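> predicted model, plus sequence, below.
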Amino acid sequence: MTVCDVLKALEDMNGKEVTVRGNWDIGDTGQILTPVTPCAVLTVRDGWVWADVIFLLPQDREAKQLSVRHSQILKPFRKAPGKRVRVVATVTGRLETRDHFEFDTLIGGRRQPRTPYLYFVAMLKYRAVSDLEAVEYTSEELERELEWRREPWAKPLNEKRR
């Protein structure tokens, strides 16, 4: 399955073991899986439009050690000037989402859904990662990636989007 397939079927997939292929990214605040190609349909839950991202959490210590493979595959590209690459991988684990999201009202009156999955609609507690490959970003892919990262939080369905 792709990230988009899983996000379209969150209600059916909730609590189930899934195998998902996507861009695997590890950063300072955690791990995520994003679509290799953009999703054709918006990810909408509870009247909010969510970024097409699945938060990843290693299931156990063994799974946590799999992140070493992520570093190893990127190592040859770290010193390549101007070459931006991503890791595409197949991740297997148990998917979790909420049936309903409570919301907080922030300073200034802006409402924001409360989620235990960082900014995202779902989490995959993974136990396995396979078929890793380094893929160079096109300029369009890199711009799309940077755009959602600038504003990763969910937005009301009726809010205008760029």
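Thanks, I have the structure now.

> okay, CA-based contacts and neighbour counts for the rest of this
OK.

> residue most distant from the centroid, this structure?
Among the C-alpha atoms of the chain, the one most distant from their mean position (C-alpha atoms, centre = their mean) is that of G108, at 28.2 Å.

> quick one: the nearest residue to V129 once chain neighbours are set aside and Y117, what's the gap?
By the measure of C-alpha to C-alpha, 6 or more residues apart in numbering, the closest residue to V129 outside its immediate chain neighbours is V91, 4.5 Å from it. Remark: distance between V91 and Y117 (C-alpha to C-alpha, to the nearest Å) = 17 Å.

> and what of N14?
With C-alpha to C-alpha as the criterion, N14 and Y117 are 14 Å apart.

> then A89 would be within a strand, right?
Yes: secondary structure of A89 (DSSP: H, G, I helix; E, B strand; the rest coil): part of a strand.

> in the protein, what helix or strand scores lowest on average pLDDT?
Per-element confidence for the chain was summarised using mean pLDDT, DSSP states H and E. The lowest value among helices and strands belongs to strand 111-113, with a mean of 82.

> now do the contacts for E11.
The neighbourhood of E11, defined by C-alpha atoms under 8 Å, 6 or more residues apart in numbering, consists of D99.

> which positions within the host helix or strand of it qualify as buried?
Element membership of E11 [criterion: DSSP states H and E] is helix 10-13. Judged by neighbour count (16 or more other C-alpha atoms under 10 Å), helix 10-13 contains these buried residues: 10, 13.

> show the subsequent helix or strand relative to that helix.
If you walk from helix 10-13 toward the C-terminus, the next helix or strand you reach (DSSP H and E) is strand 17-27.

> which residues does that following strand contact?
Residues lying outside strand 17-27 but in contact with it, judged by C-alpha under 8 Å, 6+ apart, are 1-3, 6, 31-36, 67, 70, 86-95.

> ditto for stretch 127-137
Outside stretch 127-137, the residues within contact range by C-alpha under 8 Å, 6+ apart are 58-60, 62-63, 66, 70, 73-74, 83-93.
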